[in-house]
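Peer 1: quick check, what structure comes out for this input:
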Amino acid sequence: MPAPYVIRGSVSLPEAELMWRFSRSSGPGGQHVNTSDSRVELRFDLAATEALPSVWKERALERLAGRLVDGVVAVRASEHRSQWRNREAAAVRLASLLAEASAPPPKPRRPTRIPRGINERRLREKKQRSDVKRGRTGRGWT
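Peer 2: So this is what the prediction gives:
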């Protein structure tokens, strides 16, 4: 891989902790597919890593609990013909997955009230609309 894949800020995926596995892909490639191992599976031991700050690690472990197998997160890529491009795609996908999972929770929404003027205008327009529709009935004609 040419450059470290940044998760967020100065934290990046450590090359030594990435486990790569290659297999034959079912994607595009014609006869080439039958002879080369272009599908990539990238595994990262999230539970044992020291590369992430402890707060990020706890957050990611909690949010990715459904995807983890013994504390290891796996990402697959097989959309490209070349193994190199699939490696790049898998690493970028893993970095973005970890960035999203370790992000701080959003600020809680502060409840606000609807201004009185807006509510009154809504009710006035509703009344006008009902008057228009009531005027369309044939009642009162002789």
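
Peer 1: pLDDT below threshold where in this structure?
Peer 2: Within the chain, the ranges that satisfy pLDDT under 70 run 1-3, 27-34, 140-142.

Peer 1: residues in contact with stretch 11-31?
Peer 2: Counting by CB atoms under 8 Å, 6 or more residues apart in numbering, the neighbours of stretch 11-31 from elsewhere in the structure are 1, 4-7, 33-34, 36-45, 49, 51-53, 56, 78-81, 83, 86-87, 91, 94-95, 98. Placement of C-beta: from N, CA and C, glycine included.

Peer 1: ok, 6 Å please
Peer 2: Contacts to stretch 11-31, defined as CB atoms under 6 Å, 6 or more residues apart in numbering, come from residues 4-6, 33, 37-39, 41, 43, 49, 51, 78, 81, 95.

Peer 1: need those in a markdown table with neighbour count, distance to Met19 and secondary structure, can you?
Peer 2: As requested, the contacts of stretch 11-31 are exported to a markdown table (neighbours: other CB atoms under 10 Å; distance: CB to CB, whole Å; DSSP: H, G, I helix; E, B strand; the rest coil):
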| residue | neighbour count | distance to Met19 | secondary structure |
| --- | --- | --- | --- |
| Pro4 | 14 | 17 | coil |
| Tyr5 | 21 | 15 | coil |
| Val6 | 12 | 20 | strand |
| Val33 | 17 | 24 | helix |
| Asp37 | 13 | 15 | coil |
| Ser38 | 26 | 18 | coil |
| Arg39 | 21 | 15 | strand |
| Glu41 | 16 | 9 | strand |
| Arg43 | 18 | 4 | strand |
| Thr49 | 15 | 12 | coil |
| Ala51 | 16 | 14 | coil |
| Ser78 | 21 | 17 | coil |
| Arg81 | 17 | 23 | coil |
| Ala95 | 20 | 15 | helix |
